[in-house]
Each structure stands twice: as C-alpha cells, then as structure tokens.
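Chemist: sequence first, then the predicted structure:
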Amino acid sequence: MVHLALIGTTEWVLIAFVLLLLFGAKKLPDLARSMGSSVNEFKKGMAEGAKDDPRATDGRSSSSNPSSNGPTSTRNDH
C-alpha cells in the first residue's frame, strides 16, 4: 500500500512560524494578499486561454483522431 505524505497540523504550525520569522508579522497579510491576487490572475488567464483555444471547446484533440496518426499498415502476416 502506498503511504501518502500529507502535511499535518504540526508541519503547518512550523511553516507558519518560519514565515513569521522570515517576513515579520506586518508583512504576512500583504504577502498572503499578493499571493491570492496572483492565483486569481492565473485562473483568469487560464479561462481566457481556454476560451480563445478552439481545441478546448471542441472536446477532442487532434491526437485522438485515429485517421490523423499517420499511415496504417494493411499487411497481413500469415
């Protein structure tokens, strides 16, 4: 069975403590705010890119079409 290494409560507290030491209490809200806005801009860009890409709305890519995979062999080996 595969054991997944998930971040627990202790690890989150340790990460928060290290961030507090590195950036200070005054800069952490600004850091979190800028990270949130960056994620929102990334999601907005992904949505616009998917809207502009005709393959994304078509539902299938060119590699899923078996006739576009090149020549097929019709040779029979008996």
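Modeler: Received it, and whenever you're ready, just let me know what you need.

Chemist: what segments of this protein are helices?
Modeler: Under the criterion DSSP state H, helices of the chain are mapped to 9-23, 28-52, 54-58.

Chemist: need those helices in JSON lines (columns: mean pLDDT and mean neighbour count).
Modeler: From N, CA and C alone the C-beta is placed, and that goes for glycine too. What follows is those, written out as JSON lines (pLDDT from 0 to 100; neighbours: other C-beta atoms under 10 Å):
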{"stretch": "helix 9-23", "mean pLDDT": "90", "mean neighbour count": "10"}
{"stretch": "helix 28-52", "mean pLDDT": "90", "mean neighbour count": "10"}
{"stretch": "helix 54-58", "mean pLDDT": "60", "mean neighbour count": "9"}
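
Chemist: I'd like the distance between Gly8 and Ile15.
Modeler: With distances defined as C-beta to C-beta, to the nearest Å, the gap from Gly8 to Ile15 amounts to 11 Å.

Chemist: ditto for Leu21
Modeler: The gap separating Leu21 from Ile15 is 11 Å, by C-beta to C-beta.

Chemist: Asp30 now?
Modeler: When C-beta to C-beta is applied, the distance between Asp30 and Ile15 equals 18 Å.

Chemist: what residues are up against Glu48?
Modeler: Under the criterion of C-beta atoms under 8 Å, 6 or more residues apart in numbering, the contact list for Glu48 is empty.

Chemist: and it, how far is that from Glu41?
Modeler: Counting by C-beta to C-beta, the separation of Glu48 from Glu41 is 11 Å.

Chemist: now swap in Leu19 and tell me
Modeler: Using C-beta to C-beta, Leu19 is found at 22 Å from Glu41.

Chemist: just Ala25 next, same as before
Modeler: Here Ala25 is placed at a distance of 26 Å from Glu41 (C-beta to C-beta).

Chemist: likewise Ala5?
Modeler: With distances taken as C-beta to C-beta, Ala5 is found 30 Å from Glu41.

Chemist: now do Arg33
Modeler: In this structure, Arg33 and Glu41 are 13 Å apart, going by C-beta to C-beta.

Chemist: again, but for Glu11
Modeler: Distance of Glu11 to Glu41, given as C-beta to C-beta: 28 Å.

Chemist: what's the answer for Val13, then?
Modeler: Using C-beta to C-beta, which is the criterion applied here, Val13 is 30 Å from Glu41.
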